[in-house]
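K.L.:
I would like to see how this sequence folds:
(chains A and B)
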There are 2 protein chains.
Amino acid sequence: MKLAVQEAYRGIRNLEGGPFGAVVVRAGEVVASGHNCVVSGNDPTAHAEIVAIRKAGASLGKYDLSECTLYTTCEPCPMCRSAIHWARIRNVVYGCTRFDAAAIGFDDELLYRILAGERERGDYTERNEARDECLELFREFESMENRVRY
Amino acid sequence: MKLAVQEAYRGIRNLEGGPFGAVVVRAGEVVASGHNCVVSGNDPTAHAEIVAIRKAGASLGKYDLSECTLYTTCEPCPMCRSAIHWARIRNVVYGCTRFDAAAIGFDDELLYRILAGERERGDYTERNEARDECLELFREFESMENRVRY
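P.N.:
Residues are numbered from 1 along each chain as shown, chains lettered A, B, ... in the order given. Sure thing, here's the model as predicted:
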């Protein structure tokens, strides 16, 4: 966790984004670390956990990180929790809670409500189009013998 | 949407990952496109929407994509929905539904339940540690005059 905190300090001192750091560990060894670089990277997905997971996958040469533990300075937002799920990481250690983060202006409450289906449509629209063409794509995929399902 | 479907076909034919493609559009012009490359990229976060959003941010040189519309061949999973939220994208058009995806083995139901707090702990653990050090990090961030809050 000390490393994750150091990562976060590095990020904020370079004005890269919010105060968040993360480290991926396997069998007691650091595999990758990262800090929030949404601003410096012009990348809205570049939360610390996502950055660390991407680096870990590249470093280990695999997309299944089920042997790894993620340390993060703050409870993961739904995007990062989902990434942890898809990466099959089963152990997470976090420092601050999401309520601590909300108290300094990083609030993911609305996002939780959107994902729970309590979407305040407001200025957000989502619509369905061309489902048949996309189902045809699914059928082609299903017909491939050597498809990779991930 | 045609472009998103083409992207997806390209991805599955090269065995890069699941049958998903996405395109980011601004003012009628394509800004970026991407397909699932979780397998080829050893990147568990590389869903089509994430890839397209990352490319769009890099291409436009900004992390606020509120002027953009996202086209995707399938209803976004919670990771991608969250990324759409953080990117401030307000218009989403999708082809297949998440139930169509579940029918071919891409099921995000468990993830929705985890995010709703109905986590089946099972082999997953999450614990809190070193909150004080992480709160100190937050305080340092709050004390910075030129901090970037994202």
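K.L.:
Please enumerate the helices of chain A.
P.N.:
A:2-13, A:48-60, A:78-86, A:98-103, A:109-115, A:131-143 (DSSP state H).
K.L.:
Would you agree residue A:8 is in contact with residue A:71?
P.N.:
No - counting by C-beta atoms under 8 Å, residue A:71 is not a contact partner of residue A:8; they are 11.1 Å apart. (Glycine included, C-beta is placed from N, CA and C.)
K.L.:
higher neighbour count, these two?
P.N.:
residue A:8 (32 against 26; other C-beta atoms under 10 Å in any protein chain shown).
K.L.:
Tell me who's in contact with that one.
P.N.:
For residue A:8, the contact set (C-beta atoms under 8 Å, 6 or more residues apart in numbering or on different chains) comprises A:19, A:20, A:21, A:35, A:36, A:48, A:73, B:134, B:137.
K.L.:
about what we covered before: going by mean pLDDT, which of the helices of chain A comes out lowest?
P.N.:
Lowest mean pLDDT within those: helix A:109-115, a mean of 91.
K.L.:
For it, which outside residues touch it?
P.N.:
A:77-79, A:102, A:119-120, B:78, B:81-82, B:85-86, B:112, B:115-116.
K.L.:
Report the buried residues of it.
P.N.:
A:111, A:112, A:114, A:115 (16 or more other C-beta atoms under 10 Å in any protein chain shown).
K.L.:
ok, those vs residue B:107, which is closest?
P.N.:
Distances from residue B:107 to those, taken as C-beta to C-beta, are shortest for residue A:115 (15.8 Å).
K.L.:
Spatially central residue for chain A, please.
P.N.:
residue A:80 (2.7 Å; C-alpha atoms, centre = their mean).
K.L.:
How about it: what's its closest non-neighbour residue?
P.N.:
residue A:49 (3.8 Å; C-beta to C-beta, 6 or more residues apart in numbering or on different chains).
K.L.:
residues in contact with that neighbour?
P.N.:
Residue A:49 neighbours (C-beta under 8 Å, 6+ apart): A:20, A:22, A:34, A:70, A:72, A:76, A:80, A:83, A:84.
K.L.:
thinking residue A:21 is in contact with residue A:48, fair?
P.N.:
Yes - Residue A:21 is within contact range of residue A:48, at 5.1 Å (criterion: C-beta under 8 Å).
K.L.:
Near the nearest residue to residue A:97 once chain neighbours are set aside, how many other residues are there?
P.N.:
Of all residues not flanking residue A:97 in the chain, residue A:75 sits nearest, at 5.1 Å (C-beta to C-beta, 6+ apart). Using other C-beta under 10 Å, residue A:75 has 21 neighbouring residues.
K.L.:
Phi and psi next, for residue A:75.
P.N.:
phi -50, psi 130 (degrees, to the nearest 10).
K.L.:
Pull the contacting residues for it.
P.N.:
A:94, A:96, A:97, A:98, A:101.
K.L.:
do you know how far the fourth one is from residue B:72?
P.N.:
Using C-beta to C-beta, to the nearest Å, residue A:98 is found at 27 Å from residue B:72.
K.L.:
Just want to check the distance between the closest residue to residue A:76 other than its chain neighbours and residue A:83.
P.N.:
Closest residue to residue A:76 apart from its sequence neighbours, by C-beta to C-beta, 6+ apart: residue A:49 at 5.4 Å. Distance, residue A:49 to residue A:83, using C-beta to C-beta: 6 Å.
K.L.:
which residue packs closest to residue A:61, ignoring adjacent ones?
P.N.:
Counting by C-beta to C-beta, 6+ apart, the residue nearest residue A:61 is residue B:42, at 5.6 Å.
K.L.:
And for residue A:55?
P.N.:
residue A:32 (3.6 Å).
K.L.:
Any idea how many residues pack against the one you found?
P.N.:
22.
K.L.:
beta partners for it?
P.N.:
Residue A:32 forms beta bridges with residue A:24, as assigned by DSSP bridges.
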